[in-house]
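> need a structure here:
(chains A and B)
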Amino acid sequence: MKTSKGWKRKMTWLLSAVLVLGLLSACSSGNNGGGSGSGTGTGGESPGTGNGQEGTGETQEAPLKLSFMVPAFETELPSKDSPVLKALQEATNTDITMQFVPNSSYGDKMNITLASGQLPTLMVVDRNSASFINAARTGAFWELGPYLQDYPNLSQANPIILNNSSIDGKTYGIYRGRVLGRMGVTVNRDWMENLGLEEPKTIDEFYALLKAFKENDPDGNGKDDTYGIVVTKYAGPWDIMQTWFGAPNKWGESDDGSLVPAHTTPEYMEALKFFRQLYEEGLVNADFAVMDPAVWNDAITNGEAGVMVDVADAARRINDKMQDANEREKPYVNVFQAPVGPKGHRDMPTSGYANVIAVSKSQVKTEEELQRVLKFLDQLNDEDMQMLLGYGIEGRHYEMVDGYIHPLVTPEDVALSTELRSMNQMLMFIGPETPTLESTEINDKVTEVQALNEEIVVANPAEPLISDVYAQKGQQLDNIVNDARIKYIVGQIDEQGLEEAFQLWRTSGGDDYIAEINKLHQEAQTNS
Amino acid sequence: METTAQASDKRNPQRPLPVRQKRSWTTRIKKDRWLYVLLLPGLLYFLVFKYLPMWGVLIAFQNFQPFLGFWESSWVGLDHFRNFFGNPDFVRLLRNTFILAVYDLVFFFPAPIIVALLLNEIRVGIFKRFVQTMVYVPHFISMVIVASMTYVFLTTQGGVLHDLIQQLTGRSFNFLADPDWFRPLIILQIMWKETGWGTIIFLAALASVDVEQYEAAVVDGASRFQRLWHVTLPAISGVISILLILRLGNFLDNGFEQIFLMTNSLNRTVADVFDTYVYFVGITQGAFSYSTAIGLFKSLVGIVLIFGSNYLAKRMGKEGLY
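Sure thing, here's the model as predicted:
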């Protein structure tokens, strides 16, 4: 009896100890997670240190430890052992902890990371997001402007884009450069040939093309199973097409020089009437307002729709996908510039950059450290680093044919392609230009369209301005206008309903927004 | 064991109760130390994960800037609440949230009770278990899948269910985009997914109903429906009232995931509820203080409803929560 009691007591002790320990370890493991997530260097591996010392000329300097948060467009991503990442670390004498975040939830994750205070050394951030602006203004990031001139590549940054991506005139992040005139109209090539149609040069011809795709049985199967243009929940195509009609890019200059939002212009109304007609006649998919953008391309590849208005390089991706299913010499799609509208040849540009790379002050404490981090960023713009992160290792992921890049990665070899996935998200494309992809009909056409676009893109005069009203209420304001536009297109509301929604926009903060943007705009003009 | 039991029996009458009370709290703790040790993890859990973070609601009265931190951020008093109640969105959000919550209470809450009562009347054991299992299954399907299934079945571009209804009625219903269909869709989804799971607790309560009462009722000539009304329902009414009180505490929680997934440009006017609004304002726009204020308002409504319904339940002679 006595022994059994003693045994029971021991068990009680043991069990309670296990419970308490379990709880404590749960807490501490949570802390560890945060620590290594922030990449203060606890995650560093000793082999990496050894490599760095052998690999570079600077024998004494230990590799720079840094963490880098970038958006990821795939689910399977490079591991710590990826040869591409290793080559990058060796070339730049660094020890990098990559933090890949799915692009679809990048905004959320970015805000939460900013709120947590556990920032990575470097992170890709949306310069327009309220939380980044607040964080930069309260001093969470280094102001990089004065340092850029000391670096061979970074000093070549385009001053206009630098200004567009600045906050209160200060550069808190280095922009990731993008082609300015990136948009294009992708059209099913076979359908055009079957119906004997030419490139749509005007909006009328564009309309005729859509109509023919719907009514003239372009795939020749004798069934009424095709339609013109595919659009999804993502409102981008409407934004692009309304600029064709002469609507401004977000903000337009009125006759007296003040800025007015796009939806208040008569050209915007013209565009909307056209969209409504497209919907009424069934030239656009009836379920576009609820369709998931993830299946956008499918409508073209499955032969349901014939036209897509998006970035021009979408044509390449669609063609690749159709070639995978059934390879042939001739490309499946063609890509064109925007058609000419009543106000001339116009198209929507990108901002010239896609987000900026910011350096956090909580990880990079001193100016010396900052200079090393900037040196790393500068190196990323070198030609060989651009090639490495964009196309992989020569002989492994690609080979050079007549000065062009020929990818060796096939869709089947997942392991090989995983090694460099989303690594190009670190690139800024400032400075040296690299060789391009090999010349194929579709690649050349995309490059041609994007080059020609430079002359017809419409700039947004309010691009560099930062409105506090918009930072606070932007989402709601945009929702009011975008939802009203969709409702008008599908016929849920008429012009009066549209007017009421715009009125609601004004009372919900739109008037303040207009006033603030105009004030900022005038200040900027008097300063320059 | 017998000897110890006898020994304590003998000792008990001799030991006067007051002695026990005289003992200091340290000796009492010492005596029950194992119980206290067992209590510790639970206590720690609530302190660390429930009570400590509660101080965070104070940022609802600040203009909180993450980089400045809690101590450096400026205090703004009730500004965020004033902004929120004065916002044109507020009335719309309140209406949408309440209507959905009422629909949920009226249509979804009784559903598991009805299904449980029906299941209870099934005589063939194996068939009953089969049906039970089948109605549980949807609970294990993620809301994301349910939402995309709804889309696939109901899309106007070749959705199977949409086409079927079109053939039967001769009309095309745009279920996904029509604001009038949003609330019915949400309630139908949640009924399909959770009704079976909800029956579990009621079936357990039904199992405890005294069989003799049924036999007595049969002898008295009660019909099946009368037995259900006068025996079964009163027997499980305590469980129903407790679950109702608990549900009322979460009255304004409409289930963020489901609504977020089902929202689109065309039905946003009826789909915006507090939960999705907090996400848009707090997470995507980074207005942490403002969204905390909204969350706090929601919690206050929840507390009022819990206390109110508990009070009412007790007044009506039912068991309350506490």
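> surely A:Met110 meets A:Ser129?
Yes: using CB atoms under 8 Å, A:Met110 is in contact with A:Ser129, at 6.9 Å. Just so you know, the C-beta spots here come from the backbone N, C-alpha and C atoms, and that holds for glycine as well.
> The two: who's more crowded?
A:Met110 (25 against 20; other CB atoms under 10 Å in any protein chain shown).
> ok, residues contacting the helix or strand where the more buried one lies?
Assigned by DSSP states H and E, A:Met110 belongs to helix A:106-116. Residues outside helix A:106-116 that contact it (CB atoms under 8 Å, 6 or more residues apart in numbering or on different chains) are A:34, A:69, A:71, A:101, A:119-120, A:123-126, A:129, A:131-132, A:135, A:140, B:66-67, B:283-286, B:288.
> In which helix or strand does whichever residue of chain A sits closest to chain B reside?
Nearest residue of chain A to chain B: A:Ser131, at 2.8 Å (CB to the nearest CB). Per DSSP H and E, A:Ser131 falls inside helix A:130-137.
> A:Gly184 now?
Using DSSP H and E, A:Gly184 falls in strand A:183-188.
> Quick check: buried residues in the very next helix or strand once past that strand?
Counting by DSSP H and E, the next helix or strand C-terminal to strand A:183-188 is helix A:189-195. Within helix A:189-195, the residues that count as buried by 16 or more other CB atoms under 10 Å in any protein chain shown are A:189-192.
> what's the closest non-adjacent residue to residue 308?
Because you didn't say which chain, this covers chain A. Distances taken as CB to CB, 6 or more residues apart in numbering or on different chains place A:Thr186 nearest to A:Met308, at 4.6 Å, with adjacent residues excluded.
> wait, I meant chain B there
Using CB to CB, 6+ apart and skipping the chain neighbours, the partner closest in space to B:Gly308 is B:Leu248 (7.9 Å).
> What residues sit buried inside the strand or helix carrying that neighbour?
Per DSSP H and E, B:Leu248 falls inside helix B:233-249. Within helix B:233-249, the residues scored as buried using 16+ other CB under 10 Å are B:236, B:239-243, B:245, B:247-249.
> So A:Val129 sits against B:Ile283, correct?
Actually, residue A:129 is Ser rather than Val. No: taking CB under 8 Å as the definition, A:Ser129 is not a contact partner of B:Ile283, at 10.9 Å.
> residue contacts, the residue nearest to A:Arg372 when sequence neighbours are not counted?
Distance criterion CB to CB, 6+ apart; nearest residue to A:Arg372, sequence neighbours excluded, is A:Leu64 at 5.2 Å. Counting by CB under 8 Å, 6+ apart, A:Leu64 touches A:92-95, A:372-373, A:376.
> I'd like these laid out as a markdown table, including secondary structure.
As requested, those are exported to a markdown table (DSSP: H, G, I helix; E, B strand; the rest coil):
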| residue | secondary structure |
| --- | --- |
| A:Thr92 | helix |
| A:Asn93 | coil |
| A:Thr94 | strand |
| A:Asp95 | strand |
| A:Arg372 | helix |
| A:Val373 | helix |
| A:Phe376 | helix |
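> can I get those in CSV with neighbour count and pLDDT?
Below are the contacts of A:Leu64 laid out as CSV (neighbours: other CB atoms under 10 Å in any protein chain shown; pLDDT from 0 to 100):
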residue, neighbour count, pLDDT
A:Thr92, 24, 92
A:Asn93, 21, 92
A:Thr94, 22, 93
A:Asp95, 21, 93
A:Arg372, 18, 93
A:Val373, 21, 94
A:Phe376, 21, 95
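> Quick check: the residue most central in space within chain A vs A:Ile466, distance?
The residue lying closest to the centre of chain A (CA atoms, centre = their mean) is A:Ala354, at 5.5 Å. Separation of A:Ala354 from A:Ile466 (CB to CB, to the nearest Å) stands at 18 Å.
> Helix or strand with the lowest mean pLDDT in chain A?
Lowest on mean pLDDT, DSSP states H and E among the helices and strands of chain A sits helix A:46-55, with a mean of 38.
> I'd like the next helix or strand past that one.
Proceeding N to C from helix A:46-55, the next assigned helix or strand is strand A:64-72, under DSSP H and E.
> And the strands in the chain?
Picking chain A for this. Ranges of strands within chain A are A:64-72, A:94-102, A:122-125, A:173-177, A:183-188, A:227-229, A:251-253, A:259-261, A:305-311, A:333-336, A:353-359, A:398-401, A:404-407, based on DSSP state E.
> Sorry, I should have been clearer: chain B.
B:62-63, B:74-75.
> strand partners of the first one, parallel vs antiparallel please.
When pairing is defined by DSSP bridges, strand B:62-63 lines up against strand B:74-75 (antiparallel).
> what does stretch B:166-174 rub up against?
A:286-287, B:156, B:162, B:165, B:181.
> Out of the residues you listed, grab the one that's most surrounded.
A:Asp287 (23 neighbours).
> Tell me who's in contact with the closest residue to B:Pro138 other than its chain neighbours.
The spatially closest residue to B:Pro138, leaving aside those adjacent along the chain, is B:Lys193, at 4.6 Å (CB to CB, 6+ apart). By CB under 8 Å, 6+ apart, B:Lys193 lies in contact with B:138-139, B:141, B:143, B:146.
> how does it look with 10 Å?
Contacts for B:Lys193 (CB atoms under 10 Å, 6 or more residues apart in numbering or on different chains) come out as B:137-143, B:145-146, B:258.
> Tell me the one among the residues you listed nearest to chain A.
B:Ile145 (13.4 Å).
> okay, the nearest residue to A:Met387 once chain neighbours are set aside: pLDDT?
In space, A:Met387 comes closest to A:Thr434 once its chain neighbours are excluded; the distance is 5.6 Å by CB to CB, 6+ apart. Note for A:Thr434: predicted pLDDT of 81.
> next one: B:Gly86
86.
> what do you get for the one 3 residues further on?
The model reports B:Asp89 with a pLDDT of 83.
> so how far is B:Ser148 from it?
28 Å.
> What of A:Thr94?
Taking CB to CB, one finds A:Thr94 at 41 Å from B:Ser148.
> got the contact list for stretch A:275-282?
Counting by CB under 10 Å, 6+ apart, A:207, A:210-211, A:214-215, A:224, A:227-229, A:231, A:237-238, A:241-242, A:245, A:283-286, A:288-289, A:485-486, A:488-491, A:494-495 sit against stretch A:275-282.
> Show me which of these are buried.
Neighbour-count burial (16+ other CB under 10 Å) applied to the contacts of stretch A:275-282 gives A:207, A:210, A:214, A:227-229, A:231, A:237-238, A:241-242, A:245, A:283-286, A:288-289, A:485-486, A:488-490.
> List the residues that contact residue 301.
Reading this off chain A. For A:Thr301, counting by CB under 10 Å, 6+ apart, the contacting residues are A:188, A:295, A:317-322, A:324-325, A:332-333.
> other chain: chain B
Applying CB under 10 Å, 6+ apart, the residues contacting B:Val301 are B:94, B:97-98, B:249, B:251-252, B:274.
> residues near the closest residue to A:Gln450 other than its chain neighbours, how many?
Closest residue in space to A:Gln450, ignoring its immediate chain neighbours: A:Val179 at 5.1 Å, by CB to CB, 6+ apart. Close neighbours of A:Val179, defined as other CB under 10 Å, add up to 19.
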